[in-house]
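[1] Here you go, sequence then predicted model.
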Amino acid sequence: MKWELKKFENLSALEVYNILSLRNEVFIVEQECPYQDCDFKDLKSFHLFLKDDDKIIAYLRILERGISYDEVSIGRVIVKEAYRKGGISRDMMTKAIKFITEELNENTIKIQAQAYLINFYKSLGFKEVSEIYLEDNIPHIDMIYRHKEKVF
């Protein structure tokens, strides 16, 4: 398995197809949530993903300040169902945080987390900054990470 981090213009056509396929599989089909996934923010994002052979099994996108929020943000965090419970999500989020703080030199990260994952994100250093609200009929909460010192 191999981690890759790319800007949109550096993704191959097959990688884009596999990313969109995984996002549809998890967010639209598995979570039964019809929503507009292709929001054009991908074009301005960094894409972090894990490949098992040519298959993308985990993914998230990193959006620079001003795209979704005033802060850098992380979104579309997913792991293919067959690969869950093995620590891939934690590894992926840690890699994203490290990239944002060390390469982008940003200290604050905002996420819109599904509410059932609050404790997972808190364990990574995120704190709640909103009440729980419905987004596409799924309970969400806004959370912020503030980088104080190197933890990696």
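    That came in fine, so what should we check first? Numbers count the residues shown, from 1 in each chain.

[2] Kindly list the main-chain dihedrals of Leu124?
    phi -100, psi 0 (degrees, to the nearest 10).

[3] how near is the closest residue to it other than its chain neighbours to Asn24?
    Nearest non-adjacent residue to Leu124, counting by C-beta to C-beta, 6 or more residues apart in numbering: Met93, 5.4 Å away. (Glycine included, C-beta is placed from N, CA and C.) Distance, Met93 to Asn24, by C-beta to C-beta, to the nearest Å: 22 Å.

[4] Compare neighbour counts for the two and give me the winner.
    Just comparing Met93 and Asn24: by other C-beta atoms under 10 Å the higher neighbour count belongs to Met93, 23 against 13.

[5] Check which helix or strand the more buried one maps to.
    helix 88-98 (DSSP states H and E).

[6] so what does that helix touch, helix or strand wise?
    Helices and strands touching helix 88-98, by 3 or more C-beta pairs under 8 Å, 6 or more residues apart in numbering; DSSP states H and E, are strand 2-7, strand 45-52, strand 55-63, strand 72-79, helix 118-123.

[7] okay, the ones you listed in CSV with mean pLDDT next?
    Converted to CSV, those look like this (pLDDT from 0 to 100):
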stretch, mean pLDDT
strand 2-7, 97
strand 45-52, 97
strand 55-63, 96
strand 72-79, 96
helix 118-123, 96
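
[8] now those as JSON lines including mean neighbour count and distance to Ile28?
    Output for the helices and strands packed on helix 88-98, formatted as JSON lines (neighbours: other C-beta atoms under 10 Å; distance: least, C-beta to C-beta, whole Å):
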{"stretch": "strand 2-7", "mean neighbour count": "12", "distance to Ile28": "23"}
{"stretch": "strand 45-52", "mean neighbour count": "20", "distance to Ile28": "18"}
{"stretch": "strand 55-63", "mean neighbour count": "21", "distance to Ile28": "14"}
{"stretch": "strand 72-79", "mean neighbour count": "22", "distance to Ile28": "11"}
{"stretch": "helix 118-123", "mean neighbour count": "14", "distance to Ile28": "22"}
